[in-house]
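> how would this look folded up:
(chains A and B)
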Number of protein chains: 2
Amino acid sequence: MASIDTALLHQLMDSVSAVAATPEGGVNRPALTREDGQARDWLRKQFDALGMRTVVDPIGNMFGCLEFAGRDAPCVMTGSHLDSQPFGGRFDGAYGVVAGLAAASALREAHLAGRFKPTANLVVSNWTNEEGARFQPSLIGSSVYAGSLSLEDAYAVKDGQGVSVLSALDQIGYRGDGIAPKPRAYVEMHVECAPDLERSNKTIGPFSRYWGATKIRAAVRGMQSHTGPTPMERRRDALLGAAYIIADLREMVDRASDVLHTSVGRIEAYPNSPNSVCSDVVMFVELRSRDQGVLEWAEAEFRRLLVASSERAKTTGEILDVEHRRAGVFDKALVELVERISSEQGFQTMRLDTVAAHDGIRMTTVCPSIVVAIKSIGGICHNATEYSEPHDVEAGTKVLLGCLEVLLTG
Amino acid sequence: MASIDTALLHQLMDSVSAVAATPEGGVNRPALTREDGQARDWLRKQFDALGMRTVVDPIGNMFGCLEFAGRDAPCVMTGSHLDSQPFGGRFDGAYGVVAGLAAASALREAHLAGRFKPTANLVVSNWTNEEGARFQPSLIGSSVYAGSLSLEDAYAVKDGQGVSVLSALDQIGYRGDGIAPKPRAYVEMHVECAPDLERSNKTIGPFSRYWGATKIRAAVRGMQSHTGPTPMERRRDALLGAAYIIADLREMVDRASDVLHTSVGRIEAYPNSPNSVCSDVVMFVELRSRDQGVLEWAEAEFRRLLVASSERAKTTGEILDVEHRRAGVFDKALVELVERISSEQGFQTMRLDTVAAHDGIRMTTVCPSIVVAIKSIGGICHNATEYSEPHDVEAGTKVLLGCLEVLLTG
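Reported below is the predicted structural model:
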């Protein structure tokens, strides 16, 4: 049997964390920036060192292929993403890639020693723009891969400065022409981003369900005027309208029939001058729930309050675009496999819902797929202080290795 | 006597409006941008054409000197500013400079023809960064001139991209070394920016009083986290805190004992990613009143609500800096002069308060000073659709000319 080299695992985690490290202990690698490019270069070196063939597809997804069984054999895939939120944490995404590399190293060694006889190849993936921080939507790489987003539409997406995905890919040299491998199963390791494993004192959390999300870009339209002489009753202040909407959106949470998460994470104000009343504000709204009915109720409620709250500021609300991601379930057999392997290795498990999106959700339409959580201290995520303890980092990687051994020989 | 060449007046207004014109009919010339530089180059040409000596002082203020009485004679000054709000109106600022040029042309011609015998020189000024849109505070040029802001502090001011006033001045070539003339009186023409002249059907509005303003840069501090899995009750959302503050600040207006204007015109959110809860928000708050007591009450109220409203979002409020501009009065004799000249020319007047700041407010500490309004349709200002009718543009310039004739010979 194969076993994880924990020294290698931690060395890999440390070395990827040094790429675009922030003084606060996190990393700053938004998708397709120079820093994301550096992380990709780092990954390519690791693939080379492990004797894995590197494939880069047209949307920049990277695949390291360990071809145990010949280039045309079936494969099993693990991976995650190396892009981060602006000033995000070290583990979110990177952990899944590093765990895959450590598992690949262990399997390769066992195979060379004749202790492991796979019938399929292993692929470690790094998906483009999982985060959706610089470019919206999130999950661009895995969505193109899974066919839910066209390559043309993905290329045309622009960031806040007007730079397109296509030109950003070319700038860092990661628009490839490789053919992406299609696996027979996908397992993704990730930090939990919520406090449930820690609260329950469990180690491994296979996600059995994923929440749905509705992402809305909404605008408030007012009128630019002078913040001094313009009489208060004549102002049509788009930022005031947005403030009412943000406050009322938070209040919706308390009226929902099941758990609902709402947020406005990004705001753009125009002309954003201290002494001009804002004419236009754009807000990036998210609604998330495990219950599709609640999600639909929330969208209807938001559409209603967008009108009503805007009117209080003599402004008008407008929906610019809406993205729906339905709630769903991960592969039941894979959930049970994770539970069985964890139990054999002495780790306690707990089935979880993932509220955050992961590339593994897109993979559910391609093959049996699962995302597995390890403990995240305080449930802190998208923050430089995000942290998972070394023994949990090791535990997750050992469970991944056990699952891959089964899937590669099954 | 001198008389305004109205064709020249409108031609000047049209030609300055063509500098950085926007498709909506306004101009986009924030202070010390390339476009502001172009407007300055335009002005220098007009000074040359009128035989005026151009002086540029170290903060970039421009003075066109028509030296009727020799370089060392006393002078009378008129002027305003050519910088604009982002996508602002054509008249705000530019009208005062253009009216000064048209009056200078008329006086020069009368002098050459022997019909006008001044005892003082005429100076037309263009003050640096009146608007305060790109650089805060506003009125930087006239504040340095009047001694209420040091040149060193003014140079060190940075815009939102970190560019300093010093380096922006050097970039457009308008850091001068000239010695600014000191006048014995200052008269500034401006569009009203409020609807009072239009409502009352009056033509000329000498401002007799100016409102005070308290400008506060305040921050809300929360914690960056994931907009998905982070439980709602654990979020510390700085944008939600800011929304509560913006809504409560508006509500203060209705509780004030005298008229109070409040606004948040600019907001900066960090990290401003759609799927991260904001950790920090900075707001540019303004409080304005004609009553110093109301202004002090409003600042105390704002400090109280900054704490209370932040707490509702589990965030904390913080004052970053505060600028106080006290309410005050313009020179009484100049108000009466404007009324007398207007009456002689058949224009009805109405004494007004100015809520907006003007360079003429800074000039009150240098010499007798006044700002005079002409009608602005709908009171619209800081907006591309800002408009003053040709006959009002002419009326104000004629009144300015009459005042200058008195002041230059008195």
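
> hey, where'd the strands end up in the stretch 251-400 of chain A?
A:261-270, A:276-277, A:280-289, A:316-325, A:328-329, A:352-354, A:369-374 (DSSP state E, counting those that start in this stretch).

> rebuild these as a markdown table, extending it with distance to chain B, mean neighbour count and mean pLDDT.
No exception for glycine: its C-beta is placed from N, CA and C like everyone else's. Formatted as a markdown table, those follow (distance: least, CB to the nearest CB, whole Å; neighbours: other CB atoms under 10 Å in any protein chain shown; pLDDT from 0 to 100):
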| stretch | distance to chain B | mean neighbour count | mean pLDDT |
| --- | --- | --- | --- |
| strand A:261-270 | 4 | 23 | 98 |
| strand A:276-277 | 4 | 26 | 96 |
| strand A:280-289 | 4 | 23 | 98 |
| strand A:316-325 | 10 | 15 | 96 |
| strand A:328-329 | 15 | 13 | 96 |
| strand A:352-354 | 7 | 21 | 96 |
| strand A:369-374 | 10 | 27 | 98 |
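
> turn those into TSV, columns for distance to A:Ser84.
Shown next, in TSV, are the strands of the stretch 251-400 of chain A (distance: least, CB to CB, whole Å):
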stretch	distance to A:Ser84
strand A:261-270	15
strand A:276-277	35
strand A:280-289	18
strand A:316-325	21
strand A:328-329	26
strand A:352-354	18
strand A:369-374	18
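
> tell me which element A:Ala247 falls in.
Assigned by DSSP states H and E, A:Ala247 falls within helix A:238-252.

> now the angle from that helix to strand B:280-289?
130 degrees (axes from the mean of the first three to the mean of the last three CA atoms, to 10 degrees).

> buried residues, helix A:238-252. List them.
Across helix A:238-252, burial judged by 16 or more other CB atoms under 10 Å in any protein chain shown covers A:238-250, A:252.

> looks like A:Ala31 contacts A:Ser138 (just checking).
No. In this structure, A:Ala31 is not within contact of A:Ser138 by CB atoms under 8 Å, at 9.2 Å.

> show me the common contact partners of these two, please.
By CB atoms under 8 Å, 6 or more residues apart in numbering or on different chains, A:Ala31 and A:Ser138 have these common neighbours: A:129-131.

> within reach of chain B, which of the residues you listed are there?
The residues of the shared contacts of A:Ala31 and A:Ser138 that also fall near chain B, by CB under 8 Å from any CB of the partner chain, are A:Glu131.

> JSON lines please, covering the shared contacts of A:Ala31 and A:Ser138 and showing secondary structure and pLDDT.
As requested, these are arranged in JSON lines below (DSSP: H, G, I helix; E, B strand; the rest coil; pLDDT from 0 to 100):
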{"residue": "A:Asn129", "secondary structure": "coil", "pLDDT": "98"}
{"residue": "A:Glu130", "secondary structure": "coil", "pLDDT": "97"}
{"residue": "A:Glu131", "secondary structure": "coil", "pLDDT": "96"}
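
> filter the shared contacts of A:Ala31 and A:Ser138 down to the buried ones.
For the shared contacts of A:Ala31 and A:Ser138, buried by 16+ other CB under 10 Å: A:129-131.

> of those residues, closest to chain B?
For those, the minimum distance to chain B (CB to the nearest CB) is 6.9 Å, reached by A:Glu131.

> how about the contacts made by that closest one?
A:30-31, A:81, A:83-85, A:88, A:93, A:138, B:273, B:275.

> now it: how far from A:His358?
According to CB to CB, to the nearest Å, A:Glu131 stands 11 Å off from A:His358.

> cool, and A:His382?
Applying CB to CB to A:His382 and A:His358 gives a distance of 14 Å.

> these two: who's more crowded?
Between A:His382 and A:His358, counted using other CB atoms under 10 Å in any protein chain shown, A:His382 has the larger neighbour count: 32 against 28.

> from chain B, how far out is A:Ala73?
36 Å (CB to the nearest CB, to the nearest Å).

> quick one, what contacts that residue?
A:67, A:119-121.

> what's the farthest-apart pair in the residues you listed?
Largest separation among those by CB to CB: A:Glu67 and A:Thr119, giving 12.5 Å.

> who has more neighbours, these two?
Set A:Glu67 next to A:Thr119 and count neighbours by other CB under 10 Å: A:Glu67 wins out with 17 against 13.

> now the helices: where do they sit in the stretch 1-150 of chain A?
A:6-17, A:34-49, A:94-112, A:140-146 (DSSP state H, counting those that start in this stretch).

> buried set for the very next helix or strand once past the last one?
Once helix A:140-146 ends, the next helix or strand along the chain (criterion: DSSP H and E) is helix A:151-156. By neighbour count, and taking 16+ other CB under 10 Å as the criterion, the buried residues in helix A:151-156 are A:154-155.
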